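J.: Here you go, sequence then predicted model.
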Amino acid sequence: MTTTTYLVIAAAVLVFVVIFQIAKASEYVSVLKGEEQARKQSNKINAALLLGFMIFGLIGVWYCNKILYKQTLFPQGSASVEGEKIDEMLWITIAVTGVVFIITQVLLFYFAWKYQEKEGRTSYYFPHNNKLEVIWTVVPAIALTVLVVFGLKFWFQITSDAPKGAMTVEIVGKQFGWIMRYPGKDGKFGKTYFRNINDEQNNSLGQIWDDQANFDDVVTTQTMYIVKGRPVKLIIGSRDVIHDVGLSHFRMKMDAVPGIPTTLWFTPKYTTKEMKQRTGNPDFLYEISCDQMCGNGHYSMKGIIEVVTQEEFDLWMAKQKPNYYVAFPDKDPSAQPAVPAADTTQRAIAAANF
Amino acid sequence: MSSEATNVQATSVALPHETHQEAHHGHHHETFISKYIFSQDHKMIGKQFLITGMFWALLGGFFSVIFRLQLGFPDARFPWMEELLGQWAKGGQLQPEAYYALVTMHGTVLVFFVLTAGLSGTFSNILIPLQVGARDMASPFMNMLSYWFFFTASIVMISSIFVQTGPFSGGWTAYPPLSALGDASPGSKVGMDLWLISMALFVVSSLLGGLNYIATVLNMRTKGMTMTRLPLTIWAFFFTAVLGVLSFPVLFSGFILLIFDRHFGTSFYLSDIFINGQALPNEGGSAILYQHLFWFLGHPEVYIILLPAMGMVSEILSVNSRKPIFGYMAMVGSLFAIAILAFLVWAHHMFVTGLNPFLGAFFVLLTLLIAVPSAIKVFNWITTIWKGNLRFTPGMLFALGFVSLFISGGLTGIFLGNSALDIHLHDTYFVIAHFHIVMGVASMFGMFAGIYHWFPKMYGRYLNNTLGYIHFWATIIGAYLIFWPMHYEGLAGMPRRYYKFDIWESFKQFGELNVFISVVSIIVFLVQILFLINFFYSIFKGRKVTSQNPWGANTLEWTTPINPGHGNWEGEIPEVYRWAYDYGKDGKEYIPQTTPVSADESKH
């Protein structure tokens, strides 16, 4: 250990000793002054501190909001149509709980200060009062009913079936990255089986090649392309442990559980380009964060969602090569050096190898 | 309910009362070992729980300091950390595996070893016999076993820190498949086996303790101590024990299945897994099943942690307000309602696991329903101090702090219990802020309140008041400074259990805030050390208690000698004639429970 470390430790010990000695001395002083006298004095000080704590605390709450609110996602609003309901629910909840918070905290600390021990005051014997107790059982019950009704209304809207014509994308988590699959022209995902997974043979999802629906499925990694204004349904799975597709800008989240597919759907409101302008951040990205502890690389399990226009999407999709041809290049009708598709192929291989 | 309870106790109490008096005479010649180590005295066992809990709190708190350093200063190098942790902090930088191990250990230790064993273990042991008027627990031997199972669990948990692959690192909830597969994470190798063994021993300890608390409260109350005359502390310990006895076995069964999946090739939780380049043979299991089993304990667990704090706070607020607790029956009723509802809300931890949304709706309803008894308690506490004559002892300050924190953290529970909002907030720092305030810090405040208030009974001395005040003010200000801003990180979607955030465009804006939080948490940690110094110094050198009833309280523990021996009362156990909350009645400052009701006393 270095000298600085020793010095820091020595300084810390010194501070402790000083505080401790002061505390001990103050106890002797209080014994000299008369314990009753000392107790009354500290009672006054603590009562004042409690009131001060409340006042400075409430100012602190306001100040904290002032400096941190702009760093949350709420100034930019939800990036999905469905997420707006979650924001609305948040505001309703903040309004209801905010009122309760201020009333109860103010009463607590104000009463503590107001009813501090005073010479000659006797406490008021007030063991119960049925009317009061009924009031504060019924009022919270009503307030909570309102919250439950709104909450469940939004909950059922958000978890309802995706609208017809929604685009579907499969997203599969693995330690520590994401694999995406598009159903291709037939609009159907081919069957998969986990024992068929083979990263060396470019079959990262275990596609069953006997199933013809697999022939046009496009598999990519890390980045998902979806279309602005078009509902998209994600079919979520996992290859190993539980992951979670966290889409904070869209206010969406769903676990990826091995063996049990889950879904979520939403309608993106802005393209990535538009969001760069809305947020004023040229580096803005819709990030997919893994929100369920999945191992030592959990913090780095990132995916990207590119929201684009329909034309841009069609252009991008046209460049993608179905995974069948990546796995079996000899069957690829577009023959040998397929330049435009090389990019995806490279990426798929790279992903398979890491 | 009250008349029924009266009848039961009238017949059952007389017997143990007499027999224990006989047994008492055999306890005079105690050796060091029988008095301090394998003690069967509930007071000593309580102190053992407390001091072991303090050791764990210190260690668990220290873990959090280390990983907060990582979160606050992800690019800094701390050479001393390498000295301390070796390869876990290569080059002075905490490694991800160490970060996750520390986070996991912090959670496990604080939830189970500190806030369950250290809180309910300590105070149920010390206070139940003293406040119901019994010479000891129903089974002092089982009570002793309860501590030693906890001690063994502690030893096993500590040993897991020293295995080569590290302790378990998959989060305190230990979700499979991550916790089931050694290939998924090095911490899930032998570290996880030790974790499971330790937790299994802990469950045994908790059951032995819990059954004892229930038996003692039901059967060993002194003459006149009807259930409705019990102090609220005892009601809270009673419901806590019931919750533990009914829910810990479910957790245990979840662990057994996990052990089977890990070692005996079963597929309870495993299906469709491809890991480390190969597909596993398991098919047909459900990883979600574990979560149901875990949270069936996990949610009652937060009330196992919270209820004892609520009970002690009720008592301390009343004593130091010199005023009866407001709405005693409503307080008991709300404890009961919370205990029942605690079993019906577990799936609110699982809204985004793919749970059927229709089923989720019931859990939303029941979860928000729990806010009603909680609200009743808060209003009753506030009314208790209204028009009182408040003495701000350190115990009283911590009790007031508890109420403030319980309000703050309870209200954010209404956000998270609402499934629609939970979609956005689940597994973010909002959750961290919520449960640390309402469960962690608030219960810790309840525990501190209890320690300051009953220290004179435990050791016949006082804690130093000035240090107590410093401790309180630094801790409550620090706790709010640490956890309040975290809500904003959560609103930005910032996920919990991230080792660092630099690669995330969405979350890296909180760098400065993370520094601030880390610095404050280190200061708060140091202040807790100050408290520990005060605690151990005062055991030996504190100001001596000179009167039997230093706080002027009504409950029975203050009728025992200043330093009660094993058996608590010299001579007969006193008889009880009234409830525990006659403060300020008929112009009398307080009327102990042992005072007969006089003819001219007013009725309430």
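T.: Happy to help now that I have it. Numbers count the residues shown, from 1 in each chain, chains lettered A, B, ... in the order given.
J.: Pull the number of nearby residues for the closest residue to chain A within the stretch 151-300 of chain B.
T.: Taking CB to the nearest CB, chain A has its nearest neighbour within the stretch 151-300 of chain B at residue B:271, 3.1 Å off. Heads up, the C-betas are built off the backbone N, CA and C, glycines and all. Per other CB atoms under 10 Å in any protein chain shown, the neighbour tally for residue B:271 reads 19.
J.: Is it in contact with residue B:281, as I believe?
T.: No: when contacts are counted by CB atoms under 8 Å, residue B:271 is not listed as touching residue B:281 (10.5 Å).
J.: now the strands for the stretch 51-200 of chain A?
T.: A:167-174, A:177-182 (DSSP state E, counting those that start in this stretch).
J.: mind giving me JSON lines with those strands and columns for mean pLDDT, distance to chain B and mean neighbour count?
T.: Formatted as JSON lines, those follow (pLDDT from 0 to 100; distance: least, CB to the nearest CB, whole Å; neighbours: other CB atoms under 10 Å in any protein chain shown):
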{"stretch": "strand A:167-174", "mean pLDDT": "96", "distance to chain B": "8", "mean neighbour count": "23"}
{"stretch": "strand A:177-182", "mean pLDDT": "96", "distance to chain B": "11", "mean neighbour count": "22"}
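J.: what's residue A:249 in contact with, if anything?
T.: By CB atoms under 8 Å, 6 or more residues apart in numbering or on different chains, the contact set of residue A:249 is A:73, A:78, A:79, A:80, A:83, A:275, A:286, A:287, B:493, B:506.
J.: Looks to me like it is in a helix.
T.: Yes: looking at residue A:249 with DSSP: H, G, I helix; E, B strand; the rest coil, it is inside a helix.
J.: OK, contacts around residue B:82?
T.: When contacts are counted by CB under 8 Å, 6+ apart, residue B:82 touches B:89, B:90, B:91, B:92.
J.: repeat for residue B:500
T.: A:299, B:70, B:71, B:74.
J.: of those, closest to residue A:320?
T.: Closest to residue A:320 out of the contacts of residue B:500 is residue A:299 (29.7 Å), distances taken as CB to CB.
J.: Am I right that the closest one is in contact with residue B:96?
T.: Yes: with contact defined as CB under 8 Å, residue A:299 and residue B:96 form a contacting pair (7.1 Å).
J.: Run through the stretch 1-150 of chain B and note the low-pLDDT ranges.
T.: B:1-29 (pLDDT under 70).
J.: What separation do you get for the closest residue to chain A within it and residue B:90?
T.: Of all residues in the stretch 1-150 of chain B, residue B:96 sits closest to chain A, at 4.5 Å by CB to the nearest CB. Separation of residue B:96 from residue B:90 (CB to CB, to the nearest Å) stands at 11 Å.
J.: Residue B:387 now?
T.: Following CB to CB, the distance that separates residue B:387 from residue B:90 is 61 Å.
J.: Who has more neighbours out of these two?
T.: Neighbours were counted for residue B:387 and for residue B:90 using other CB under 10 Å; residue B:387 has more, 18 against 13.
J.: Check the contact between the more buried one and residue A:124; I expect there is one.
T.: Yes: shown here, residue B:387 and residue A:124 form a contact pair, counting by CB under 8 Å, at 3.8 Å.
J.: Contacts only, for whatever residue of the stretch 201-350 of chain A ends up closest to chain B.
T.: Residue of the stretch 201-350 of chain A nearest chain B, by CB to the nearest CB: residue A:248 (2.6 Å). Residue A:248 makes contact with A:73, A:287, A:289, B:424, B:428, B:492, B:493, B:506, according to CB under 8 Å, 6+ apart.
J.: please redo it, this time with the cut-off set to 7 Å
T.: Contact analysis of residue A:248 by CB atoms under 7 Å, 6 or more residues apart in numbering or on different chains lists A:73, A:289, B:424, B:493, B:506.
J.: Pull the number of nearby residues for the first one.
T.: To tie it back to what came earlier, the one meant is residue A:73. 21.
J.: what does the fourth one give?
T.: For residue B:493, the neighbour count with other CB under 10 Å is 27.
J.: what's the pLDDT at it?
T.: pLDDT for residue B:493: 94.
J.: That one and residue B:429 touch, don't they?
T.: No: under the criterion of CB atoms under 7 Å, residue B:493 is not in contact with residue B:429, lying 9.1 Å apart.
J.: sec struct for the nearest residue to residue B:561 once chain neighbours are set aside, please.
T.: Computed as CB to CB, 6 or more residues apart in numbering or on different chains, the closest residue to residue B:561 that is not its neighbour in sequence is residue B:570, at 6.3 Å. With three-state DSSP as the basis, residue B:570 sits in coil.
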